[in-house]
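**Q** Dropping the sequence and predicted coords here.
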Amino acid sequence: RIAGRLGGAFTYDGDGKLNFYIQKGSYQLLENTFGFEKLDFNNIEGQIGLKNGALKISKLALKGDKISYFLKGDICAPLKIDGPVDYIIHLAGIASPVYYIKYPLETIHTATIGTENLLELARKKKAKKFLFFSSSEIYGDPAPEFVPTPETYRGNVSSTGPRACYDESKRLGETLCMVYHTVHKVPIVIVRPFNVYGPGMKQEDRRVVPQFLSCAFAGKPLPIHGSGLQTRSYCYITDAVIGFFKTLLTKRSGEVYNIGSHEGETNLVDLAKALEKLLKRKLVVAKIPYPPEYPADEPSRRCPDLTKAKKELAYVPKVNLETGLRRIINWYEDTYVAEVPVKRNAQTRKKK
């Protein structure tokens, strides 16, 4: 089986120490956010090398010892975790369209079988909270009157289209969460993230921000599929993590929250112009057809209504797009610039 089946659980002992239990995934520490190390889960095929169901403890020497150890495994297999589990964070999933088209059944199993296994663990361990990572993709392509999109919007998604393996399995994952909440009183909460970006993204990531940066630093045209007028609302990673933890730690349960930016929509052409301004050099944009491996039915607009999150979680994003892009540019230069044949641009190293 490929990587991409990853879930997490942790106990909190009250003195700032988090004990994480992670099921199947390759990961690395990226940055510190409120004393929590952010984890990047590289669920890309070929990076695990574990047999199905195998568990292995990997000791980590981390600054401040915030995270004690990892358990590697497969959430689609029976879970055996000794000791108490206070919180479960279910981030498992194959979110890249290129990969979920290649592995549709694995995508479905992760969001359904894997989710039920983790919900069973939460029920048996009497977890204080279960956080399920859904997706803004479940809204599909909303009609104009539903943009920004509230949590009450029921979606415009094809159940038989090429994206259905991801979109519909996430919807079923949400349903499983709500059923366990109703029948077994498991205290679940659900987040629907909207286009999160920031330091830690891979050079080869096919999502638009890292792809644009990789091309810009390599001196290549920025590829825009279609007209380039499709819009997204981009949420910087620190704002997203704040939203995720606010959702996890709320006293409410059985609720769904949009987590994203309230700055509004940006189309791909304007995103390229924003990067051009920050890099202070001309960038070439190439409008090209969608590649064969990219699924059809891409939503034309995606923007969250954050009214509920603001009211119930006091969630207010702080980082605007310009600031967020500057930060990821600075990080990208520090991390990858030596690997690409482009002269470092000192103008991008402005103070935050």
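**A** Here it is on my side, so go on.
**Q** At which residues are the helices of the stretch 251-352 of the chain located?
**A** 268-279, 307-313, 321-336 (DSSP state H, counting those that start in this stretch).
**Q** any idea which of the ones you listed scores lowest on pLDDT?
**A** Note on the helices of the stretch 251-352 of the chain: helix 321-336 shows the lowest mean pLDDT, a mean of 94.
**Q** which strands and helices sit next to that one?
**A** Applying 3 or more CB pairs under 8 Å, 6 or more residues apart in numbering; DSSP states H and E, one finds that helix 321-336 makes contact with helix 208-217, strand 235-236, helix 268-279. To be clear about C-beta, it is placed using only N, CA and C from the backbone, and glycine gets the same treatment.
**Q** which of the residues in stretch 200-216 are buried?
**A** 200-201, 205-216 (16 or more other CB atoms under 10 Å).
**Q** Start and end of that stretch, how far apart?
**A** Distance across stretch 200-216, first residue to last, is 17 Å (CA to CA, to the nearest Å).
**Q** Where does the prediction get shaky in this structure?
**A** 1-70, 291-296, 338-352 (pLDDT under 70).
**Q** Tell me the secondary structure at Ile190.
**A** Classification of Ile190 by DSSP: H, G, I helix; E, B strand; the rest coil places it in strand.
**Q** I'd assumed Lys129 was in contact with it.
**A** No: the pair Ile190 / Lys129 is not scored as a contact, 11.3 Å apart, by CB atoms under 8 Å.
**Q** and Lys128, how many neighbours?
**A** A count of neighbours around Lys128, defined by other CB atoms under 10 Å, yields 17.
**Q** Now do the same contact list for it.
**A** Taking CB atoms under 8 Å, 6 or more residues apart in numbering, we find Lys128 in contact with Asp86, Tyr87, Pro187.
**Q** which one of those residues is nearest Val337?
**A** Using CB to CB, Tyr87 comes nearest to Val337 of those, at 37.7 Å.
**Q** beta partners of that closest one?
**A** Phe10, Lys129 (DSSP bridges).
**Q** Could you measure from it over to Lys280?
**A** Remark: distance between Tyr87 and Lys280 (CB to CB, to the nearest Å) = 44 Å.
**Q** Between the two, which is the more surrounded one?
**A** Taking neighbours as other CB under 10 Å, Tyr87 and Lys280 compare with Tyr87 leading, 21 against 10.
**Q** what separates the more buried one from Ile328, distance-wise?
**A** According to CB to CB, Tyr87 and Ile328 sit 29 Å apart.
**Q** Can you add distance to Tyr332 and give the contacts of Lys128 back as a markdown table?
**A** Shown next, in a markdown table, are these (distance: CB to CB, whole Å):
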| residue | distance to Tyr332 |
| --- | --- |
| Asp86 | 36 |
| Tyr87 | 32 |
| Pro187 | 39 |
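**Q** so which of the helices and strands packed on helix 321-336 gets nearest Phe133?
**A** Nearest of those (CB to CB): strand 235-236, 13.6 Å.
**Q** do you know how far Tyr99 is from Leu119?
**A** 24 Å.
**Q** Now do the helices for the stretch 101-250 of the chain: every range, in order, please.
**A** Going by DSSP H, counting those that start in this stretch, the stretch 101-250 of the chain shows helices at 104-125, 164-184, 208-217, 237-249.
**Q** by contact count, what packs against the second one?
**A** Meaning helix 164-184. Going by 3+ CB pairs under 8 Å, 6+ apart, helix 164-184 lies up against helix 97-102, helix 104-125, strand 129-133, strand 188-193.
**Q** circling back: so for Tyr99 and Leu119, which sits in the more crowded spot?
**A** Taking neighbours as other CB under 10 Å, Tyr99 and Leu119 compare with Leu119 leading, 24 against 21.
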